[in-house]
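**Student:** Sequence first, then the predicted structure:
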Amino acid sequence: MAGKFVIKKAKNGKYIFNLMSGNGQVVLTSQMYASRDSAVKGIKSVKSNAGNDARFERREAKNGKPYFVLKAGNNLEIGKSEMYANKSGMEKGIASVAKNAPDAPIADAAGK
């Protein structure tokens, strides 16, 4: 099973999306968007930037756990990963985004 984007509507009425890997794990979570259309534009940005390793910023949380953010060409953050146990896991997450995002379909759990 290939990866997919899932758009959800949050309790506050805003929209968020997750990129799910083929095994159902969340590998990237977006920021909050005011509208569904804006979330779809965010997904398009992920698709177009995921193949460029320079767009991935590797970071370390205060607790020492590695994670990454994906940035657009304008340097704005598009999405953030989970916290990983080690850098190797984080690199696998980046590879998953690069592999799954460009062709991933959109599943709408927001109910438009």
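**Tutor:** Now that the structure is in, tell me what you want to look at. Numbers count the residues shown, from 1 in each chain.

**Student:** Tell me which helix or strand the residue positioned nearest the centre of the chain sits in.
**Tutor:** By Cα atoms, centre = their mean, the chain has its centre lying nearest to residue 28, at 2.7 Å. According to DSSP states H and E, residue 28 maps onto strand 26-30.

**Student:** just checking, what packs against that strand?
**Tutor:** Applying 3 or more Cβ pairs under 8 Å, 6 or more residues apart in numbering; DSSP states H and E, one finds that strand 26-30 makes contact with strand 15-20, helix 36-49, strand 77-80, helix 87-100. Using the backbone N, CA and C atoms, a C-beta is placed for each residue, glycine as well.

**Student:** Mean neighbour count, those: which tops it?
**Tutor:** Most buried of these, by mean neighbour count (mean count of other Cβ atoms under 10 Å): strand 15-20, with a mean of 22.

**Student:** and that one with strand 26-30, angle?
**Tutor:** 160 degrees (axes from the mean of the first three to the mean of the last three Cα atoms, to 10 degrees).

**Student:** pLDDT of strand 15-20, averaged?
**Tutor:** On average, the pLDDT along strand 15-20 is 96.

**Student:** ok, so what distance separates the residue in the chain sticking out farthest from the centre from residue 97?
**Tutor:** Distance from the centre of the chain peaks at residue 63, with 21.6 Å (Cα atoms, centre = their mean). Separation of residue 63 from residue 97 (Cβ to Cβ, to the nearest Å): 22 Å.

**Student:** just residue 4 next, same as before
**Tutor:** Taking Cβ to Cβ, one finds residue 4 at 13 Å from residue 97.

**Student:** For residue 111, report the pLDDT, please.
**Tutor:** For residue 111, the predicted pLDDT is 59.

**Student:** Give me the contacts around the helix-or-strand element of the chain with minimal mean pLDDT.
**Tutor:** Within the chain, no helix or strand scores below strand 106-108, which has a mean of 89 by mean pLDDT, DSSP states H and E. Contact with strand 106-108 is made by 4-7, 17, 36, 40, 43, as judged by Cβ atoms under 8 Å, 6 or more residues apart in numbering.
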